[in-house]
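Asks: sequence first, predicted model second:
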Amino acid sequence: YMHQKQFLQKYGISSESLKKCGLSWDELTKIQQDHESRSAGLRHASDSVVSHLLDLPAVHLLRVRIKNSEHLIEKIIRKRLENAERDINLSNYREQITDLVGIRALHLYKSDWQLIHEAVTQNWDTQEQPIAYVREGDSKELFEEKSCDVKSHPAGYRSVHYLLKTCPTKDCVVVELQVRTLLEEAYSEVDHQFNYPQRAPAILSECINIFNRLTGSADEVGG
């Protein structure tokens with residue numbers, strides 16, 4: 001399992017920040033071990049959702065990931081540092097961290113989203129109102145008509161996020177489903193590569209913004 005010094009160096013976390021997050025290294029290690037022990041169940045949960053999504057003609061491609069245990073610990077530390085009042089521990093991390101299972105459903109044309117949305121909301125209970133992330137200036141009307149919580153993303157990120165409850169066994173799991181076009185996925189991957197966990201230099205950020213505008217324009221042409 002994780003070696004503390006190597007982990008902190010890898011993720012750029014200082015010893016002071018670790019102390020400030022309020023969780024001991026032993027507690028974090030137990031969370032990591034618990035998450036890894038549940039990996040098979042998480043995989044079964046993702047498979048049950050994927051099997052339904054594969055039947056939708058509007059879905060062009062699916063990507064599935066079970067959250068890496070190191071990334072989980074880094075996220076818990078980050079969330080605790082962002083909000084010291086937020087209690088995340090071994091007993092509740094599965095409720096507090098909602099992307100332990102992540103699925104991306106990619107579609108070719110923007111209009112395909114409506115078909116996927118209808119199927120998703122008919123087949124699963126959503127844990128919260130779907131969130132539609134849009135770029136400043138994008139039309140919000142369609143998402144609002146479908147009862148989505150529309151938010152303008154400062155980085156120009158476009159995607160619709162759902163938290164789906166699935167119970168392939170008695171142990172129910174929340175799955176984060178992200179629905180976006182193939183071009184939106186391309187921008188998201190490039191942006192994540194250069195802007196996470198630290199922001200890219202200004203000149204590179206401007207190039208990424210240009211790429212975002214180009215992919216957005218291409219999606220508009222595709223319809």
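Replies: Received, thanks.

Asks: CA atoms only: put stretch 111-124 into CSV for me.
Replies: Output in CSV follows, covering the C-alpha atoms of stretch 111-124 (Å, rounded to 0.1, in the frame of the first residue of the first chain):
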residue,chain,number,x,y,z
SER,A,111,-29.2,16.2,-30.5
ASP,A,112,-28.5,12.6,-29.4
TRP,A,113,-28.3,13.8,-25.7
GLN,A,114,-32.1,14.0,-25.4
LEU,A,115,-32.5,10.4,-26.3
ILE,A,116,-29.9,9.3,-23.8
HIS,A,117,-31.4,11.6,-21.1
GLU,A,118,-34.8,10.1,-21.5
ALA,A,119,-33.5,6.6,-21.2
VAL,A,120,-31.4,7.4,-18.2
THR,A,121,-34.1,9.1,-16.2
GLN,A,122,-36.6,6.3,-17.0
ASN,A,123,-34.3,3.4,-16.0
TRP,A,124,-32.5,4.7,-12.9
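
Asks: now the strands for the protein?
Replies: 61-66, 101-107, 125-126, 131-134, 149-152, 159-166, 173-181 (DSSP state E).

Asks: list of residues touching the fifth one?
Replies: In other words, strand 149-152. For strand 149-152, the external contacting residues (CB atoms under 8 Å, 6 or more residues apart in numbering) are Gln129, Pro130, Ile131, Ala132, Tyr133, Val134, Arg135, Glu136, Asp138, Lys140, Phe143, Glu144. Where you see a C-beta, it was placed from the backbone N, CA and C, and this is true even at glycine.

Asks: quick check: angle from the top helix by length along the chain to strand 173-181?
Replies: For the chain, the longest helix by residue count, based on DSSP state H, is helix 202-222. Interaxial angle, helix 202-222 versus strand 173-181 (axes from the mean of the first three to the mean of the last three CA atoms, to 10 degrees): 80 degrees.

Asks: what comes up buried for helix 202-222?
Replies: Ile208, Phe211, Asn212, Thr215, Gly216, Asp219 (16 or more other CB atoms under 10 Å).

Asks: what helices or strands is it leaning on?
Replies: Where contact means 3 or more CB pairs under 8 Å, 6 or more residues apart in numbering; DSSP states H and E, helix 202-222 is packed against helix 182-195.

Asks: could you give the angle of the helix or strand bottoming out on mean pLDDT in the chain to helix 182-195?
Replies: Across the helices and strands of the chain, mean confidence by mean pLDDT, DSSP states H and E is lowest for helix 202-222: a mean of 76. Relative orientation of helix 202-222 versus helix 182-195 (the same axes, to 10 degrees): 170 degrees.

Asks: give the contact list for Ser217.
Replies: By CB under 8 Å, 6+ apart, Ser217 has no neighbours at all.

Asks: give me the neighbour count for the nearest residue to Asn209 once chain neighbours are set aside.
Replies: Closest residue in space to Asn209, ignoring its immediate chain neighbours: Gly156 at 6.7 Å, by CB to CB, 6 or more residues apart in numbering. By other CB atoms under 10 Å, 23 other residues sit near Gly156.

Asks: surely Gly156 and Phe211 touch.
Replies: No - Gly156 is beyond contact range of Phe211, at 9.7 Å (criterion: CB atoms under 8 Å).

Asks: residues in contact with both of these two, list them for me.
Replies: Going by CB under 8 Å, 6+ apart, residues that sit against Gly156 and also against Phe211 are Tyr187.

Asks: gap between Arg135 and Ala84?
Replies: According to CB to CB, to the nearest Å, Arg135 stands 32 Å off from Ala84.

Asks: fine by me, thanks again.
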